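> from the sequence below, what's the structure:
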Amino acid sequence: MGIALVTPFKADYSVDYDALRRLVEMQIAGGASYLVVLATTSEAVTLDCEERHKVARFVVDCAGGRIPLVLGMSDNCTSRLAKHLTEVDLSGYSAILTVVPFYNKPSQEGIYQHFRAVAEASPLPVVLYNVPSRTGKNMEAATTLRLAHDFPGKVIGIKEASGSLEQVGDILQGRPEGFQVVSGDDSLTRSMIGLGAEGVISVVGNALPRLFATMVSLAMENADDERAQAIDVALQPLDKALFADGNPSGIKCLLNLMGVAEDVLRLPLVPVGFTTRLAIKEAYERLDVAMLLS
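The predicted structure follows:
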């Protein structure tokens, strides 16, 4: 279970480094396998260059080598991203996570050429990220497999959030040895593991790391495990509520309800509405975490 780490903000919209430190410690204590820093859930697109650098280095210092780190690095300008990869301090990170170019809506050949340039420029292994609901373009299984086969050991996996189990199955069937497929959708994680995926980069894990890590671990051993199924079923209403008004608005609401961080986002994102906040609160309060972990 990887964690798509949020970036907590104070009421004045500055980064709350005390809350960020608490969050990192919470993930490590809760059994996260690795942390993904400055990706979608972190609101990285609303951080300036100095803030992104400071957050990236701060998490390295907080983690202190106790857990692997992956750094989100994306751009819809290929040359700018390739140049940035040669300039940024990547020490302390094991890989980068990079999303299909957004807004441009490139063809499959354009997507391939973009990631080819990224793979050739990056000093670290590359994890692809396919999330068409955000980027406006689906990276088809054939393109993913082309990259995986053309750059063995460099393009090492994909966070797949297309929502298509058929597409996931095609990638799993055609992938080269060592290429990992992880879920980008909490609610589909157990189903994807059942097909052969290696886990998840989770949003809900920010708030419930031990519970979700337990479900993932049990499912990796046996996707039909009764406890894994019980946890998955219990979490589905919360998963649905967390994304009703978008991510990371939902998870920041839950972290606020738990007393972990302020419910503050940077525009154009805003906190969830009253109805969604109530749904998140009710779904969270219905969870019997102790029972599910026993």
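
> can you map out the strands along the stretch 51-200 of the chain?
Along the stretch 51-200 of the chain, counting by DSSP state E, counting those that start in this stretch, strands occupy 69-72, 95-99, 126-130, 155-160, 180-183.

> dump those into TSV; add mean neighbour count, mean pLDDT and distance to residue 277 as well.
(Each C-beta comes from the backbone N, C-alpha and C, glycine too.) Below are the strands of the stretch 51-200 of the chain laid out as TSV (neighbours: other Cβ atoms under 10 Å; pLDDT from 0 to 100; distance: least, Cβ to Cβ, whole Å):
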stretch	mean neighbour count	mean pLDDT	distance to residue 277
strand 69-72	24	98	27
strand 95-99	23	98	28
strand 126-130	25	98	28
strand 155-160	25	98	28
strand 180-183	22	98	26
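
> may I see these arranged in CSV, with distance to residue 13 as well?
Below are these laid out as CSV (distance: least, Cβ to Cβ, whole Å):
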stretch, distance to residue 13
strand 69-72, 20
strand 95-99, 24
strand 126-130, 26
strand 155-160, 28
strand 180-183, 31
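
> looking at the ones you listed, which is closest to residue 111?
Across the strands of the stretch 51-200 of the chain, residue 111 has its closest neighbour in strand 126-130 (9.2 Å, Cβ to Cβ).

> just the CA atoms of the closest one, as PDB, please.
Written as PDB, here are the backbone C-alpha positions of strand 126-130 (Å, rounded to 0.1, in the frame of the first residue of the first chain):
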ATOM      1  CA  VAL A 126       9.500   5.800 -13.800                       C
ATOM      2  CA  VAL A 127       6.000   4.800 -12.700                       C
ATOM      3  CA  LEU A 128       3.300   5.700 -15.200                       C
ATOM      4  CA  TYR A 129       0.000   7.200 -14.100                       C
ATOM      5  CA  ASN A 130      -3.100   6.800 -16.100                       C
END
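
> max-length helix in this protein?
Longest helix in the chain, counting residues (DSSP state H): helix 226-242.

> what's in contact with that helix?
186-187, 189-190, 203-204, 208, 211-212, 214-215, 218-219, 222, 250-251, 253-254, 276, 279-280, 283-284, 286-288, 292 (Cβ atoms under 8 Å, 6 or more residues apart in numbering).

> list only buried entries from those residues.
186-187, 189-190, 203-204, 208, 211-212, 214-215, 218-219, 250-251, 253-254, 276, 279-280, 283-284, 287, 292 (16 or more other Cβ atoms under 10 Å).

> lowest-pLDDT helix or strand in this structure?
helix 289-293 (a mean of 84; mean pLDDT, DSSP states H and E).

> flag the shaky bits of the stretch 151-294 of the chain, pLDDT-wise.
The stretch 151-294 of the chain contains no residues with pLDDT under 70.

> verify the contact between residue 204 and residue 189 for me.
No - the criterion here is Cβ atoms under 8 Å, and residue 204 misses it with residue 189 at 9.6 Å.

> show me where the stretch 151-294 of the chain has helices.
165-174, 189-195, 209-221, 226-242, 249-257, 274-286, 289-293 (DSSP state H, counting those that start in this stretch).

> which one of those is the most hemmed in?
helix 249-257 (a mean of 23; mean count of other Cβ atoms under 10 Å).

> much appreciated, bye for now.
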